[in-house]
Structures are given as structure tokens and as C-alpha cells.
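**Student:** Next come a sequence and a model predicted from it.
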Amino acid sequence: MAPFSSLSPLALLVSLSANVVYAAPRSSPLSLSMSLSRRAPEARSPDEIGSWAQAHKANVETKYGNPSSKAKRSSGQNLIVNQKADSSFFGSVAIGTPPVAYDVILDTGSADLWLASSTCTESACEGIATFDSSSSSSFQNKSTEFSITYGSGDAAGTLGEDIVQMAGFSVSNQVFGVCDQVSDGLLNSPVSGLLGLAFQTIASSGASPLWETLASSGAWDQPLMAFQLTRFNNDSKATDLEPGGTFTMGATNTSLYTGDIDYNDIPDNEESYWLQTVSSITSQGSAITISSGSSALAAIDTGTTLIGGPADAVAEIYSNIPNAEAGTGQLEGYYIYPCSTTVNVTMAFGGKSWAISNADFQAEQLNEDTCMGAFFSLTTGSNAPAWIVGDTFLKNVYSVFRYNPASVGFATLSAEALAMNGVNAAVPSATIGSAAATISATATAGTRDANGASIIQSLLSGPALSLLVIAMTMVFPSICI
């Protein structure tokens, strides 16, 4: 297995009004495809890997240890990119009048949209597209401070409101952070910010996330979004940017999975992160002891690279792997084991058991014989889940995040999806779509009835057109949380 490239410490880791303007009805659902790409690895020393591992653990613990929360239809295209060896996935949004496109990390583990400002003079803002509020005639300054903290740094500025487009949808007054202070290393070119895809309840801004505004308003044919992620982390021939998978809004892409989608509901009144209950884990065929209750809760997080969990459970996973041992120093909390060992780990969340490939379990190669595993011990805050399940797991399934009823589903990847692994391709550029459906997000939260349906959605009517966004991603070994 070839060593990963240098991982930077990327810590990327409204009640709605019922005014939805629809395009003219179409006779059949509209779907849209897009490409994803990613980057190739450069050799790293054990010290560099140790620095990355230490920062990655700190990033995830900061994200979930002290979360900064307050306790139809159109045609268009959104190209998504996967950076540096399966570490993060970004897509593009278009903001303002006239619209300008920006690349943003797609993160189901947070709920805020923010961009680096053109007034940012930090080194982190060099070489990337920055948001210039004076260039948008529709921008409104909310005159409210905004800040968000990650393990590897902070982003701070003020809140603004503007037209935000993605994949042919437009929210007319989306609130987002315009950050003139961004810690060094927090952003990696060409990424300009982050798009949170979790629930409004954990948004630092208090604003409805773009996806939730669209889903609760009935703008999507189906109230869900889905991911299929590719694998390049052990491919020595991979370039910096490679095809990375698909992101779908408002529908599922049936060509990318087989069989049924195994949905499991988010626990009652827990619509914050995309939470699931870990019901079982096996390691080398042996069952691992899983605590019950809140200690078994997991956040399904596209913005996290690896998998973190309680120290005792993680230790038990590695106890079944011959010659595995706890890491020390910068690798404290991680485990190392012989690279020649084929590791078989499965996870279940109340339904089917899903296998994690040996290639994904091998997170890093420290030397010719020794590898670092993808599971690490994690300490989260009292209000955060004990498990954080990132791309190490998600690359092995077709994952669906459903708004109503609130649930997460997994399905078996199809042969077509698996054939995308290791296939080189061109890198897409950020795009600006044409929005035929405009949604107003002037309030602060969608309200659900007893059956979990959005009351706003029940008030809306309109033609049922579907939007399918298939995006290719690009991967880089920077830290995603």
C-alpha cells in the first residue's frame, strides 16, 4: 500500500415561508448528473503521519466535544469534488447577484454555510475564491457576529443573507457566514468554505441549512439526499484530483446501488446530527461489546475521514487483530498493526451488517510493514454522540439522508458504482446553475406534525418534478471533521 499524501488539518470539517415559485410543470421527472474528482498521494514520513493523526483526533473531538450549537424543482448542475485520497468531498454553490460559484466542503456533521471573505488577509484565504459582498446587489448584512471553532482552527466574521443556488434550486435569502478571520490550514485551494448538511438545531448561525429549507418546503421530489463515494487511498497511480463518486439531491440514483435501502430512523427528538444507533460491530468475525443507550449513538458524517468511538470498544476491535498494539506519542488513541494482515470489520445500525474493506481500514502506512488502523478512540462532549462514523465506512455503502421521516439508509453499491474506484478522470469546475424554483427562507425553522411531516410542506402544492444531482468528487488527505 502506498503512503498517503500530506494531510493538512482541514477542520472541515428558518422556519420557512410557504412561498415557493415553481417552473412550468414537466411531463417527467428531471434528473441531473455531475462529475466528482480527487487528488493523488505524495509520500509522507512517520512524523508527518503522526502529526496528521494527532490533529485529526483533536479535530473530531473539538467538533463533537464542544459543538457550537444553539442547546419544485428546477434544472441545473452541481459538480462535486473529492480531495486528497478520500479525505473530503466538496461541491459548489452559487451566491449573489450576479451569481458567483464557490467550492464548499459537503459536511453532514455540521449545519452552517460559511465562506471566506474578500476582506480576509489571512494566509488561509490566499489562492482561493473569496466572497465579495459589495459585488452582489442582493446581499444584506445581518450585522451579527458569527464564529465557528474546529480542532485545527477557527473561522469568524459576520452573518449575511443572499441568494444561494445549488443544483438548480435557489433559496432567495439564505443566511451564511462571511468570514474575514480564518485560521491557517483551515481551507485548502480551491475550497472557499463549508456547507453544513446536518439539522438546524446545531447551526451556530441559528439559520436553516440550505438543504433543510429545500427539503421542508417540498422543493425536492423526495425529501432526501444521497452519497456514493469512491476509493483511491491505496492507489499509487492516483493523481491529486480523481473521480470521487456521486451526490444526489431529491432522489436516489438506482444505478449506483442494488437491493433495498435499509433505513433506520433517527432517535425521537434527536434531529441534530444524522444519528444512528450502533447495534453491532464485528472484528475478525468476533462480536464487539457495544454499550446501550446514548453510548451507542453514532453521527454519520461525510465530513470526517475516519471512525472514532469509545476507547474500550476500539481496543476490543484491535484485540482481535494479530500483533496490533496501541499507538504512542502523536499516535495516542490510534492502533498500529502489520500491513500484511487482512482485517475484516463490520458495522450495523439496527438492520443489515455492512463490511468495511481492508483497503479502507488501512488508514495510513507508517513504514514497509506497519499500518495505522482507521478506528481511533474518541472522547466527545456530553451532548455529542459517542461514535463518529466517517468516510472509512461511507465509501463501502450507498448512503441516504432522509428528512421525512428523519432517518439514514444504506444500500449495497452496484457494480457500476464499484467500477468507479481507482478510475482517473478530469476535474470539474465550480458551476452556476439556472434556478427555476425559488424558495424563501425568511423564518427560522420548519415545524413537524405528529407524524414527522413538515407542516410547511403540507401547505404547499405544485408539480412533482425531481432533481438528481450526480457529482464526481475529489479526495485529499486533509483532515475532515
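**Tutor:** Looks like it came in fine. Numbers count the residues shown, from 1 in each chain.
**Student:** Could you pull out the strands in the stretch 151-300 of the chain for me?
**Tutor:** Under the criterion DSSP state E, counting those that start in this stretch, the stretch 151-300 of the chain contains strands at 153-166, 169-182, 191-196, 224-229, 245-249, 257-265, 275-277, 280-283, 286-287, 297-300.
**Student:** For the residue lying closest to S135 once chain neighbours are set aside, give its distance to A207.
**Tutor:** With sequence-adjacent residues excluded and distances taken as CB to CB, 6 or more residues apart in numbering, S135 is closest to G96, at 6.8 Å. (Each C-beta comes from the backbone N, C-alpha and C, glycine too.) In this view, G96 and A207 are 17 Å apart by CB to CB, to the nearest Å.
**Student:** How about A419?
**Tutor:** 40 Å.
**Student:** who's more crowded, these two?
**Tutor:** A207 (27 against 11; other CB atoms under 10 Å).
**Student:** Tell me the secondary structure at K63.
**Tutor:** In three-state terms, and counting by DSSP: H, G, I helix; E, B strand; the rest coil, K63 is helix.
**Student:** That one touches I148, doesn't it?
**Tutor:** No: at 9.7 Å, K63 does not count as touching I148 under the criterion of CB atoms under 8 Å.
**Student:** joint contacts of the two?
**Tutor:** Residues touching both K63 and I148 comprise S110, with contact defined as CB atoms under 8 Å, 6 or more residues apart in numbering.
**Student:** for the residue nearest to M166 when sequence neighbours are not counted, helix, strand, or coil?
**Tutor:** Closest residue in space to M166, ignoring its immediate chain neighbours: V93 at 4.9 Å, by CB to CB, 6+ apart. Using three-state DSSP, the structure places V93 in strand.
**Student:** how far away is V93 from A313?
**Tutor:** With CB to CB as the criterion, V93 and A313 are 37 Å apart.
**Student:** ok, those two, which is more surrounded?
**Tutor:** V93 (28 against 21).
**Student:** Tell me the confidence at that one?
**Tutor:** In the prediction, the pLDDT value recorded for V93 is 90.
**Student:** what sits against it?
**Tutor:** N78, A101, Y102, V104, L113, V164, Q165, M166, L195, L210.
**Student:** thinking again about what came up before, phi and psi next, for the residue nearest to S135.
**Tutor:** Backbone torsions of G96, given as degrees, to the nearest 10, read phi 100, psi -180.
**Student:** count of residues packed around it?
**Tutor:** 20.
**Student:** Tell me which strands the helix or strand containing S399 pairs with, and in which orientation.
**Tutor:** Using DSSP states H and E, S399 sits in strand 398-402. In the sheet, strand 398-402 lines up against strand 224-229 (antiparallel), strand 407-413 (antiparallel) (DSSP bridges).
**Student:** can you state the direction angle for that strand and strand 257-265?
**Tutor:** Angle of strand 398-402 versus strand 257-265, following axes from the mean of the first three to the mean of the last three CA atoms, to 10 degrees, is 40 degrees.
**Student:** give me the number of residues near T254?
**Tutor:** 11.
**Student:** Likewise for A311?
**Tutor:** The tally of other residues near A311 (other CB under 10 Å) stands at 13.
**Student:** Compute the distance between it and T328, please.
**Tutor:** Taking CB to CB, one finds A311 at 15 Å from T328.
**Student:** Next: A251.
**Tutor:** From A251 to T328 the distance is 48 Å (CB to CB).
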